[in-house]
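K.L.:
Quick one: sequence and predicted model below, then my questions.
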Amino acid sequence: MRLLTYPICLMSVLLLFPLLSSAAVVPDTVTFQNGAITLHGLLYKPAGTGPFPAVLYNHGSAPGMLSNEAFEAIAPVYVGRGWVFFAPYRRGQGLSASAGEYIETQIASARRDGLERALLLFVTAFLLVAALFLVFTRKKRVWMRGFCIVILAVLTVGAVWLSGTRAAAAEMVRLLETDHLNDQLAAYDWLRKQDFVQADRIAVAGNSFGGIETVLGAERVKYCAAIDASGGAESWTLALQLQARMARAVRNSQAPIFFFQAENDYNLAPSRTLSAAMKEAGKIYEMKIYPAFGQSVPAGHSFTWRGSSAWADDVFAFLDKHCRPPVKPA
């Protein structure tokens, strides 16, 4: 029995070795500059000296070092196919936490300021309108007057809430298209200067907030391709500013873009709307909605880093198509 067991165990190890080796990719921590700001990132490289094609991966809004979970899941997929995977941390998050304030904190602060301004304005207006209404309807029935005041109060609360939401959305867009985009561009400048990278074969990718950053980056930089995974899915409905900004970015994109999401993500409108915008603009794009992933909406959103077994072949077919090595003259 043992004589049979040992060869079987050995064969199993040999068969699993490629999987184990690709999963055990250990990153290097690197430093790069955005003007006077020092930022850090994680660099995953295939074995050998290269030069290799590379992907710059934009993380989402997860606080602290939580984005490492996504990097550790996705990096081996790219490295296993011969790609450098560079995950720069933008200011306020992860390894670059000391370089600036966390973006969600800034958005929350903008929402609070918007609520406070709106509260003063709309409550004052409510009191004036309510007083005038009660004066001019003093001969009406009490229940009718009370009902109208309640409706006015509900409208006031809604207006205050909407003002806070709009302020938060405006701040989100401002930060993503200025400070955070500049961090991405600084990471790109660093990456393309590395001797192990093929400078004309750099793609960009990202999930959630990182998907937004991906399309903003593709508007500014001639990446060979872009992969937008669920960019803006959680914020889309309540952020009209974001919808308009992303639509403008994809219409002006310098790179072909592949949009993908799981069917049970927060909102599928980003992929559908932005791919339609690219079609209208005559740009190159592909879009795919995959079957539901997990049993909840947050699980569907996590498909972008946990579901690589489903999307990897499609993503790399897109990259292989648009990030081909340059043809050498005969």
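P.N.:
Right, received. Where do you want to start?
K.L.:
wait, what's in contact with the residue nearest to Glu263 when sequence neighbours are not counted?
P.N.:
Sequence neighbours aside, Ala292 is the residue nearest to Glu263 in space, at 4.6 Å (criterion: C-beta to C-beta, 6 or more residues apart in numbering). Backbone N, C-alpha and C define where each C-beta goes, glycine included. Contact partners of Ala292, counting by C-beta atoms under 8 Å, 6 or more residues apart in numbering, are Ala262, Glu263, Asn264, Gly300.
K.L.:
Take those residues and keep only those in helices.
P.N.:
Those of the contacts of Ala292 mapping onto helices are Gly300, per DSSP state H.
K.L.:
Write a PyMOL command that selects only the buried members of the contacts of Ala292.
P.N.:
Buried members of the contacts of Ala292, defined by 16 or more other C-beta atoms under 10 Å, are picked up in PyMOL with:
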select buried, resi 262+264+300
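K.L.:
CSV for the contacts of Ala292, including distance to Trp190?
P.N.:
Listed next are those as CSV, based on distance: C-beta to C-beta, whole Å:
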residue, distance to Trp190
Ala262, 32
Glu263, 37
Asn264, 37
Gly300, 33
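K.L.:
between the contacts of Ala292, which is nearest Arg166?
P.N.:
Proximity to Arg166 was ranked across the contacts of Ala292 by C-beta to C-beta; first place goes to Gly300, at 26.6 Å.
K.L.:
Please name the nearest non-neighbouring residue to the closest one.
P.N.:
Ranked by C-beta to C-beta, 6+ apart and with sequence neighbours excluded, the top spatial neighbour of Gly300 is Asn264, at 3.4 Å.
K.L.:
Wait, the one you found touches Ser302, no?
P.N.:
No: Asn264 is beyond contact range of Ser302, at 10.5 Å (criterion: C-beta atoms under 8 Å).
K.L.:
overlap in contacts of these two?
P.N.:
Phe293, Gly294.
K.L.:
For the closest residue to Gly60 other than its chain neighbours, which residues are in contact?
P.N.:
Residue nearest to Gly60 in three dimensions, not counting chain neighbours: Ser208, with 3.4 Å by C-beta to C-beta, 6+ apart. Ser208 is in contact with Gly60, Ser61, Ala229, Ser230, Gly231, Gly232, Ala233, Glu234, His301, Thr304, counting by C-beta under 8 Å, 6+ apart.
K.L.:
Quantify the burial of the third one by counting its neighbouring residues.
P.N.:
With neighbours defined by other C-beta atoms under 10 Å, the count for Ala229 comes to 31.
K.L.:
what lines up beside the longest strand anywhere in the chain in the sheet?
P.N.:
Of all the segments of type strand in the chain, defined by DSSP state E, the longest one is strand 197-207. Sheet partners assigned to strand 197-207 using DSSP bridges are listed as strand 52-58 (parallel), strand 226-229 (parallel).
K.L.:
nearest to Arg201, of the ones you listed?
P.N.:
Nearest of the strands paired with strand 197-207 (C-beta to C-beta): strand 52-58, 3.8 Å.
K.L.:
from the chain's centre, how far out does the closest one sit?
P.N.:
Centroid separation for strand 52-58 versus its chain: 15 Å, with C-alpha atoms, centre = their mean, to the nearest Å.
K.L.:
For it, which outside residues touch it?
P.N.:
Here strand 52-58 has contacts from 45-46, 71, 74-75, 78, 82-88, 90, 184, 187-188, 191, 196-198, 201-207, 209-211, 213-214, 217, 223-224, 227, 319, 323, using C-beta under 8 Å, 6+ apart.
K.L.:
how about Glu177, what does it touch?
P.N.:
Leu216, Arg245.
K.L.:
And the pLDDT at it?
P.N.:
Note for Glu177: predicted pLDDT of 95.
K.L.:
Kindly report the same for Arg201.
P.N.:
In this prediction Arg201 is given a pLDDT of 96.
K.L.:
Hmm, it is touching Pro325, no?
P.N.:
Yes: counting by C-beta under 8 Å, Arg201 touches Pro325, with 6.8 Å between them.
K.L.:
what about these two, which has more around it?
P.N.:
Legend: neighbour count by other C-beta under 10 Å for Arg201 and Pro325, higher for Arg201 (23 against 9).
K.L.:
how much space between the more buried one and Lys279?
P.N.:
To Lys279, Arg201 is 26 Å away according to C-beta to C-beta, to the nearest Å.
K.L.:
and if you look at Thr38?
P.N.:
41 Å.
K.L.:
same check, this time on Pro76
P.N.:
34 Å.
K.L.:
ok, the two, which is more surrounded?
P.N.:
Pro76 (19 against 13).
K.L.:
How far away from the center of its chain is the longest strand of the chain?
P.N.:
Distance, centroid of strand 197-207 to centroid of chain: 16 Å (C-alpha atoms, centre = their mean).
K.L.:
and if you look at stretch 49-60?
P.N.:
With C-alpha atoms, centre = their mean as the basis, stretch 49-60 stands 16 Å off its chain's centre.
K.L.:
Pull up the distance across it, start to finish.
P.N.:
30 Å (C-alpha to C-alpha, to the nearest Å).
K.L.:
ok, now stretch 39-56?
P.N.:
So stretch 39-56: terminal residues 14 Å apart, C-alpha to C-alpha.
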